[in-house]
Each structure stands twice: as structure tokens, then as C-alpha cells.
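K.L.:
got a sequence here, can you model it:
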Amino acid sequence: MCCSSAKLLILVVMAASMLGVSMANRDWTYRHNKTAGWGWGPWGSHHQPNRTGNSKKIIVGGSDNWHFGVNYTDWASKNAPFYFNDTLVFKYDSPNVTFSHSVYLLPNLWSFINCDFSQAKMVANITEGRGNGFEFVLKQWRPHYFACGEGPNRFHCKNGNMKFFVMPLLRWP
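P.N.:
Numbering: from 1, shown residues only. Now for the predicted structure:
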């Protein structure tokens, strides 16, 4: 029972976080007369909607790229929010004796937490991250759970922190 309640708590926290970030990205006020400041909403005229431009290319891991030992969950939280049509670029070295990497899209939070690849979809194999890297465009409004599927018993995901998730948001005009 404790495990299911912990998972429910994680889902509630994630949903609340996504809602909070989404609302911060939109001017939710209603004003008939902005100079008089009347209408509903506590934000008033000091709240400005996110006016970011077009989609962006984001290199996963920044200058560290996609490799073993980087905490990508931490990286994703520091680089959020991500938006529709942003492109995640996974760059990683060619396969070698020590480390090879891949990119999988996991189907749900449970699979993400447990590094369960039984229903995962490989989106980039061990050679596709070379050069300019593999590009993944965020085109759906849903959580995207990414992980490296390499290493014995999915070691890169379980022990190397090579997993993260993003929830793309709408850009408001």
C-alpha cells in the first residue's frame, strides 16, 4: 500500500508542477481597463506572458552531451520549460569498448522510475548520436520519458542517471 500511495503522490506533484509552469506561461488576467487595474486575477499588469520565439534546438546535457554519469533529471529541471516543436539533440560518442549509448522512449512513469524497457521504443541506436547527433522533436502534449538502454541490466539508466522526462508546453502568442 505504501508504494502505490507514494506513486500517487509523485503523480500529483508532477501534475501540479506542470500546471504551475503552464499558468506562468500565460497571462491569465482579465482587464477591461489595464490602467485602472480592475477585473479578475491577482497578477495585474506586472505579469507578462512568455513571449519566447520559435522552437529551439536543445543539446541534451549541454556541453556534457549524452553520456554516463551526468544526472539528466537534474539537467532537465534546470533547463525547463520545454515547448512544443523544440528539438532535443542527443549527441554521444561512437560505440567503444567501455561505453555505448542509445536513446529509448519509455511509455510511462512506472517504466521511467524502474528503468523498465519491456515496452520502450528505441528512438536512436548506438551509432545515431555521432556527429551532429540524433534529433527528437517534441510534437505531443504528454510526458516524454527518455533513457539510455545500454549496459548490463540497463546499468546506464539505473546507476548512471541517464534518464529524464520533459512535458512540452504551448507557446502563447
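K.L.:
and for stretch 146-155, what's in contact with it?
P.N.:
Applying C-beta atoms under 8 Å, 6 or more residues apart in numbering, the contact partners of stretch 146-155 are 60, 66, 68, 72, 88, 99-106, 112, 115, 117, 120, 122, 126, 136, 156-157, 159-160, 162-166. Every C-beta, even on glycine, is put in place using the N, C-alpha and C of the backbone.
K.L.:
part of a strand, is F155?
P.N.:
No: according to DSSP: H, G, I helix; E, B strand; the rest coil, F155 belongs to no strand; its state is helix.
K.L.:
against M167, how distant is it?
P.N.:
27 Å (C-beta to C-beta, to the nearest Å).
K.L.:
looking at the two, which is more packed in?
P.N.:
M167 (19 against 15; other C-beta atoms under 10 Å).
K.L.:
average pLDDT across whatever helix or strand K78 lives in?
P.N.:
Under the criterion of DSSP states H and E, K78 resides in helix 72-79. Helix 72-79 carries an average pLDDT of 93.
K.L.:
tell me what that helix is packed against?
P.N.:
For helix 72-79, the elements it packs on are strand 163-166, judged by 3 or more C-beta pairs under 8 Å, 6 or more residues apart in numbering; DSSP states H and E.
K.L.:
the strand it packs on packs against which elements?
P.N.:
Contacting strand 163-166 under the criterion 3+ C-beta pairs under 8 Å, 6+ apart are the following elements: helix 72-79, helix 109-114, strand 144-147.
K.L.:
now what about the longest one, what contacts it?
P.N.:
Same thing as helix 72-79. Outside of helix 72-79, the residues within contact range by C-beta under 8 Å, 6+ apart are 58, 60-62, 66, 82, 146, 161-166.
K.L.:
ok, 10 Å please
P.N.:
Residues from elsewhere that reach helix 72-79 (C-beta atoms under 10 Å, 6 or more residues apart in numbering): 17, 58-62, 64, 66, 71, 82, 88, 112, 146-148, 157, 160-167.
K.L.:
among the residues you listed, which ones are buried?
P.N.:
Buried members of the contacts of helix 72-79, scored by 16 or more other C-beta atoms under 10 Å, are 58-61, 66, 82, 88, 112, 146-148, 157, 160-167.
K.L.:
ok, which stretches of this protein are strands?
P.N.:
Using DSSP state E, the strands of the chain run over 30-33, 38-40, 57-59, 87-90, 103-106, 121-124, 134-137, 144-147, 163-166.
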